[in-house]
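>>> Give me a 3D structure for the following:
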Amino acid sequence: MTERDKILAAIRANQPVLSPLPEIKFNKVDDDSITDKFIKTLTTIGGKVVCASKNDDIFTYISSVTITDQRILNMTDLADLKSLQSDTALPHSLQNVELAVIKGHFGVAENGAIWVTEELIGERVLPFISQNLVVVLNVNDLVDNMHEAYEKIDHAGYSFGTFIAGPSKTADIEQSLVVGAHGARSMTVFLIE
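Prediction:
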């Protein structure tokens, strides 16, 4: 028996007794409270939330904050945004994307995070390499906390998924806040009712 085999055998022989995971109980929060909590949390961490009743509100907003020669990628299936460029470019060609418009699966009120997967964003790098990010989310797709979020994604088969919460920011160097260091400089979430 090799030394490696001896170490692995010792580890196997000394496993702790498995115990069941604790049952987590939480009170159901009404939808208005979840929406208010999500808006407050995302705003606090640097994001912007716009409550919209129709998709053309998104198009109007995008038209007001962009210049015509800027590269905008629309990865949504929203009819009102069809005039915006939709692209399935290679990751290396995305370095000049000024604005990316994507859909989110659901949002989490306790931390302002939005769950997105590769099926919604095309290239994995898109929400992180674009200068500005717009996420379209249905107000009915908000959950209160991460426990509920993990229940929603527990058995789903995703090749890639991530939570995005607000614009990129860091204060690692000299405790000076830098926005946009590792991702989008701004994040605007459209909550569609």
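>>> Identify each buried residue in the helix ranked longest in the chain, please.
Across the chain, the longest stretch assigned as helix under DSSP state H is helix 31-44. Residues of helix 31-44 classed as buried: 34, 35, 37, 38, 39, 41, 42 (neighbour count, 16 or more other C-beta atoms under 10 Å). Placement of C-beta: from N, CA and C, glycine included.
>>> Nearest spatial neighbour of residue 106, chain-adjacent residues omitted?
residue 141 (4.2 Å; C-beta to C-beta, 6 or more residues apart in numbering).
>>> likewise residue 145?
Spatial nearest neighbour of residue 145, excluding adjacent residues (C-beta to C-beta, 6+ apart): residue 110 at 4.5 Å.
>>> what sits against that neighbour?
Taking C-beta atoms under 8 Å, 6 or more residues apart in numbering, we find residue 110 in contact with 37, 41, 144, 145, 146.
>>> Try it again at 10 Å.
34, 37, 38, 41, 143, 144, 145, 146, 147, 148, 149 (C-beta atoms under 10 Å, 6 or more residues apart in numbering).
>>> circling back to that earlier point, which helices and strands sit right next to the longest helix of the chain?
Judged by 3 or more C-beta pairs under 10 Å, 6 or more residues apart in numbering; DSSP states H and E, helix 31-44 is in contact with strand 48-52, strand 106-108, strand 113-117, strand 142-143, strand 186-192.
>>> What angle do strand 186-192 and it make with each other?
Relative orientation of helix 31-44 versus strand 186-192 (axes from the mean of the first three to the mean of the last three C-alpha atoms, to 10 degrees): 170 degrees.
>>> Return the alpha-carbon coordinates of helix 31-44 using CSV.
The C-alpha coordinates for helix 31-44 follow below in CSV (Å, rounded to 0.1, in the frame of the first residue of the first chain):
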residue,chain,number,x,y,z
ASP,A,31,-45.1,40.5,-3.1
ASP,A,32,-45.1,44.3,-2.5
SER,A,33,-42.7,44.0,0.4
ILE,A,34,-40.4,41.8,-1.7
THR,A,35,-40.4,44.4,-4.5
ASP,A,36,-39.7,47.3,-2.2
LYS,A,37,-36.9,45.3,-0.5
PHE,A,38,-35.3,44.4,-3.9
ILE,A,39,-35.4,48.0,-5.1
LYS,A,40,-34.0,49.3,-1.8
THR,A,41,-31.2,46.7,-1.7
LEU,A,42,-30.2,47.1,-5.4
THR,A,43,-30.2,50.9,-5.1
THR,A,44,-28.1,50.7,-2.0
